[in-house]
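K.L.:
How does the following fold in three dimensions:
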Amino acid sequence: MTGFTSSAQTMSLVAFTAVATITLLLCVMTGPDRDDLDEFYTGYGSLSPMRNGLAIAGDYISAASVLGTGGVIALAGYDGVVLALSTALSLVLLMFLLAEPLRNAGRFTMGDALARRMPGRAVRNTACAVTIVALLPLMLVQLAGAGDLLAFILGFSADSLKTGCVIGLGALMISYAAIGGMKGTALIQIMKIVMLLGSGTVIAVLVLQRFDWNPGTLLAAAAGNSGVGDAYLHSGLQFAGGASPRLDMITSELTVVLGGACLPHITMRMYTANSARQVRRSLSWAVPCVALFVLIVSVIGFGATALIGRDVIATADPQGNTAYLLGSQAAFGTTVSAAETLLFTTVTTAIFLTLLASVAGMILACANSLAHDVFAHSRLFRGRRRDDQLSPRREMLLARISALAVGAPAILLATLVQHHSLQPLITLSFCLGASAIAPALVYGLFWRRYTRAGLLATLIGGTLTVLLLMPGTNLVSGSPTAAFPNADFNWFPFTTTGIVSIPLGFAYGWIGTVASGRRKAGEQRKQYEAVEAWILAGAIRRGR
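P.N.:
Okay, here's the model as predicted:
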C-alpha cells in the first residue's frame with residue numbers, strides 16, 4: 001500500500017478518468033482534415049509563441065524528468081540538482097544554436113532538415129531509423145511508468161492490473177497522436193505544463209513553509225536525514241561506486257546537455273513556427289518554464305528527503321521515482337484537509353497527464369518520420385516515376401497507420417520491461433541524441449564540406465557505438481539497482497556511453513567526409529552554399 005487515504009485514491013481515479021476523456025475529446029475536436037498534411041504535421045503554425053512555447057516545454061519535461069530527476073535529487077542531493085540544471089541548459093543550447101536553422105531547413109521532420117542539402121532516400125530512411133531507435137526507449141519508460149504510477153497511487157500490486165493499465169493507456173496515447181496530430185498533442189502538452197507547474201509551485205511553497213521559508217534550513221535538514229551527512233550536498237554521491245566518479249558525472253551531464261534538446265520529438269516543435277522570430281519567442285517562453293520546473297523539482301526533492309528520509313524513499317523505489325509524490329504528500333503534514341487532498345489529486349493528475357502527453361508526442365514524431373521520410377518517398381507508395389507524388393490524403397492515412405505501427409510494439413515491449421530498472425532506457429535515448437543526432441545536426445546545418453557519406457557515418461556509427469557500449473554499463477548489470485541485478489557483465493566503467501560515443505559521433509562525420517574525397521566535398525560545398533541563405537537566415541520561404 002502507498003499510505004494514501006482512500007479519498008485521495010478515489011479522487012485520483014476519478015480525475016484520471018476525466019482527464020483521459022477530456023483530452024481525447026480535444027484531440028477529436030482539433031484533429032486535422034483527412035487531406036491536410038500541414039495541419040497534421042505542424043498545426044499550420046497556428047499556435048501563438050506563448051502556446052507553442054508551453055507545448056515545447058511540455059514535450060521537453062517528460063514523466064522521466066519529473067519522476068527520475070526528482071528521485072536523483074532526493075537520493076543524491078547535489079548531483080541531482082546538477083542533472084536538473086543540465087536539462088535546462090540543453091534547451092538553452094537549442095534556443096541559441098539550432099532552433100532557427102532547424103526551422104528554416106526542415107518542414108515536417110528531422111529527415112527534411114538533413115535532406116535539405118543532401119536529398120535522397122538513404123538520408124531520409126536513416127534519419128527515420130535513428131528517430132525510432134532514439135525515442136522507443138523513452139516511450140517504454142513512460143508506458144511502463146504509467147502502470148507503476150496507477151499501482152502506487154491506487155494501492156494495488158497485481159502484475160496483471162499493471163499490464164492492463166499499460167495496454168489501455170498505450171491505446172489512448174496512440175489515439176492522441178493519430179487523431180489529434182500536432183495541434184491536438186500541443187493542446188495536451190499545454191494542459192500538462194500548466195497543471196504540472198501550477199500544482200508543483202504550490203507544493204514547493206508548502207515545503208518551504210515547513211522550514212520557515214529558509215532554503216538553508218531545508219538543505220541542512222535534507223543532509224541530516226540523508227544518512228550520508230555533508231556528502232549529500234557535494235558532488236560525487238550519485239557515482240560513488242564507479243571507477244572515476246568525477247569523470248562519470250561530467251560525462252553524464254554532457255550527455256544530457258547535448259542529447260536532451262536534440263531528440264526528434266523536441267526538434268519537431270521547431271517546425272510549428274511560422275518564422276525565425278516566432279521560434280525565438282516560443283523558446284523564450286519554454287526556457288523559463290523549464291527553469292521554473294528545475295526549481296520546483298529541486299525543492300520537492302530536497303523536501304522529500306528532509307521530511308521522510310532517504311531510506312524511506314529508496315525503500316519505496318530504489319531509483320527514487322516516487323520521491324516527487326512522497327515529497328508532495330509529506331508537505332501536507334500528518335493531518336490532511338479536503339483542500340490538501342484536492343491539491344494532491346491535482347499533483348497526481350498532472351503526472352498522469354505528463355505520461356500521456358509525453359508518449360503521444362514521441363509516437364507522433366516517429367509516425368511523422370515513418371510516413372513522410374520513408375513511405376512518402378518510396379516508389380512502392382508514390383509510384384514508379386520519379387516525379388510522382390503521394391497524395392496528401394494517402395500520406396495522412398499512412399501517418400495514422402504509422403502511429404499504430406510504432407505504438408503497438410512499444411506497448412508490447414513496455415509490458416516486458418516494466419519489472420526491470422528503466423534507467424538504462426532513459427540513458428540510452430539521451431546517449432543516442434548526444435552521439436548521433438546532435439553531431440549530424442551540427443555538421444548538417446553549419447559545415448559546408450559535410451557530405452552524404454559523412455552524414456550516414458555520423459548517424460549509423462554513433463547509433464551503433466551507443467548500442468554496443470550501453471550493455472556494458474553499470475546501469476544494465478553489476479549493481480543491486482541495475483536492470484539485471486543478478487548478472488554481471490559490467491565491462492564499461494561509466495554510467496553513460498558519452499565519454500566514448502560523443503567524440504566518436506563527431507569523428508565519424510569528419511572521417512566519412514574526408515573519405516569522400518575533395519571532389520565530393522567541393523560539390524557538397526556548392527550545394528550547401530545554394531541553400532545556406534535558407535538554412536541560416538530563412539531568406540527564402542522553405543518548400544517541400
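
K.L.:
just for the stretch 1-150 of the chain, where's the confidence low?
P.N.:
For the stretch 1-150 of the chain, the stretches flagged by pLDDT under 70 are 1-8, 33-36, 43-46.

K.L.:
Quick one: the helices in it, in order.
P.N.:
Here the stretch 1-150 of the chain has its helices, by DSSP state H, counting those that start in this stretch, at 6-30, 37-42, 49-60, 63, 70-76, 78-93, 99-105, 110-115, 121-154.

K.L.:
okay, these in TSV with mean neighbour count and distance to Val500 next?
P.N.:
Bear in mind the C-beta positions are built from the backbone N, C-alpha and C, glycine included. Shown next, in TSV, are these (neighbours: other C-beta atoms under 10 Å; distance: least, C-beta to C-beta, whole Å):
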stretch	mean neighbour count	distance to Val500
helix 6-30	16	41
helix 37-42	23	36
helix 49-60	25	26
helix 63	27	29
helix 70-76	28	23
helix 78-93	21	19
helix 99-105	25	27
helix 110-115	28	24
helix 121-154	24	18
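
K.L.:
Out of these, which is closest to Thr255?
P.N.:
Nearest to Thr255, of all the helices of the stretch 1-150 of the chain, is helix 78-93, at 8.7 Å by C-beta to C-beta.

K.L.:
quick revisit: minimum distance to Ala533: which of the helices of the stretch 1-150 of the chain has it?
P.N.:
The nearest among the helices of the stretch 1-150 of the chain, by C-beta to C-beta, is helix 99-105 at 9.0 Å.

K.L.:
Which strands or helices does that closest one pack on?
P.N.:
For helix 99-105, the contact count by 3 or more C-beta pairs under 8 Å, 6 or more residues apart in numbering; DSSP states H and E identifies helix 110-115, helix 276-308, helix 438-446, helix 518-537 as packing neighbours.

K.L.:
who does the shortest one touch, helix- and strand-wise?
P.N.:
Going back to what we said before, that points to helix 110-115. Helix 110-115 packs on helix 99-105, helix 121-154, helix 264-267, helix 438-446, going by 3+ C-beta pairs under 8 Å, 6+ apart.

K.L.:
starting at the chain centroid, how far to the first one?
P.N.:
Pointing back at helix 99-105 there. 20 Å (C-alpha atoms, centre = their mean, to the nearest Å).

K.L.:
Now tabulate the helices of the stretch 1-150 of the chain in JSON lines and tack on distance to Arg394.
P.N.:
What follows is these, written out as JSON lines (distance: least, C-beta to C-beta, whole Å):
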{"stretch": "helix 6-30", "distance to Arg394": "22"}
{"stretch": "helix 37-42", "distance to Arg394": "10"}
{"stretch": "helix 49-60", "distance to Arg394": "28"}
{"stretch": "helix 63", "distance to Arg394": "34"}
{"stretch": "helix 70-76", "distance to Arg394": "44"}
{"stretch": "helix 78-93", "distance to Arg394": "36"}
{"stretch": "helix 99-105", "distance to Arg394": "26"}
{"stretch": "helix 110-115", "distance to Arg394": "18"}
{"stretch": "helix 121-154", "distance to Arg394": "17"}
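
K.L.:
Relative to Ser429, which of these is closest?
P.N.:
helix 121-154 (4.6 Å).

K.L.:
ranges for the helices of the stretch 351-500 of the chain?
P.N.:
379-382, 392-417, 423-432, 438-446, 452-469, 498-515.

K.L.:
low-scoring stretches of the stretch 201-350 of the chain, by residue?
P.N.:
By pLDDT under 70, the low-scoring segments of the stretch 201-350 of the chain are 242, 334-337.

K.L.:
so what's Leu413 up against?
P.N.:
Leu136, Leu140 (C-beta atoms under 8 Å, 6 or more residues apart in numbering).

K.L.:
about what we covered before: is it possible to get a markdown table of the helices and strands packed on helix 99-105 that adds distance to Gly461?
P.N.:
Compiled in a markdown table, the helices and strands packed on helix 99-105 are given as follows (distance: least, C-beta to C-beta, whole Å):
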| stretch | distance to Gly461 |
| --- | --- |
| helix 110-115 | 15 |
| helix 276-308 | 30 |
| helix 438-446 | 9 |
| helix 518-537 | 18 |
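
K.L.:
Any idea which of those gets closest to Phe506?
P.N.:
helix 438-446 (4.7 Å).

K.L.:
thinking again about what came up before, quick one, which of the helices of the stretch 1-150 of the chain gets closest to Val194.
P.N.:
helix 49-60 (7.1 Å).

K.L.:
what element comes up after that closest one heading to the C-terminus?
P.N.:
Per DSSP states H and E, the first helix or strand lying C-terminal to helix 49-60 is helix 63.

K.L.:
Summarise which helices and strands that following helix is packed against.
P.N.:
Going by 3+ C-beta pairs under 8 Å, 6+ apart, helix 63 lies up against helix 121-154, helix 338-369.

K.L.:
Tell me which of those lies nearest to Val417.
P.N.:
Among the helices and strands packed on helix 63, helix 121-154 sits nearest to Val417 (C-beta to C-beta), with 5.6 Å.

K.L.:
Following element in sequence after that closest one, please.
P.N.:
helix 159-175.

K.L.:
What about the residue lying closest to Ile61 once chain neighbours are set aside, how many residues nearby?
P.N.:
Once flanking residues are discounted, Ile61 sits nearest to Phe293: 5.5 Å by C-beta to C-beta, 6 or more residues apart in numbering. Burial of Phe293 is recorded as 24 neighbouring residues (other C-beta atoms under 10 Å).

K.L.:
For Phe293, give me its contacts.
P.N.:
Applying C-beta under 8 Å, 6+ apart, we find Phe293 in contact with Ala57, Ile61, Ser65, Leu196, Leu197, Gly200.

K.L.:
could you check the distance from the residue nearest to Met173 when sequence neighbours are not counted over to Thr341?
P.N.:
Distance criterion C-beta to C-beta, 6+ apart; nearest residue to Met173, sequence neighbours excluded, is Val359 at 4.3 Å. Distance of Val359 to Thr341, computed by C-beta to C-beta, to the nearest Å: 28 Å.

K.L.:
quick one: which of the helices and strands packed on helix 63 is nearest Leu326?
P.N.:
helix 121-154 (9.6 Å).

K.L.:
That closest one vs helix 338-369, what angle?
P.N.:
Computed by axes from the mean of the first three to the mean of the last three C-alpha atoms, to 10 degrees, the angle separating helix 121-154 from helix 338-369 equals 160 degrees.

K.L.:
For the closest residue to Ala487 other than its chain neighbours, the count of nearby residues, please.
P.N.:
The shortest distance from Ala487 to any non-neighbouring residue, by C-beta to C-beta, 6+ apart, is to Ser477 (4.5 Å). Counted by other C-beta under 10 Å, the residues lying close to Ser477 total 19.

K.L.:
OK, contacts around Ser477?
P.N.:
Pro471, Ala483, Phe484, Pro485, Ala487, Asp488, Phe489, Asn490.

K.L.:
ok so, going back, turn the helices of the stretch 351-500 of the chain into a markdown table, columns for mean pLDDT and distance to Asp159.
P.N.:
Conversion of the helices of the stretch 351-500 of the chain to a markdown table gives the following (pLDDT from 0 to 100; distance: least, C-beta to C-beta, whole Å):
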| stretch | mean pLDDT | distance to Asp159 |
| --- | --- | --- |
| helix 379-382 | 62 | 41 |
| helix 392-417 | 88 | 9 |
| helix 423-432 | 92 | 19 |
| helix 438-446 | 92 | 38 |
| helix 452-469 | 95 | 29 |
| helix 498-515 | 94 | 34 |
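
K.L.:
From the opening residue of stretch 241-249 to its closing one, how far?
P.N.:
With C-alpha to C-alpha, to the nearest Å as the measure, stretch 241-249 spans 12 Å from end to end.

K.L.:
who touches that stretch?
P.N.:
Counting by C-beta under 8 Å, 6+ apart, 79, 82, 235-236, 238-239, 474, 479, 493-496, 499 sit against stretch 241-249.
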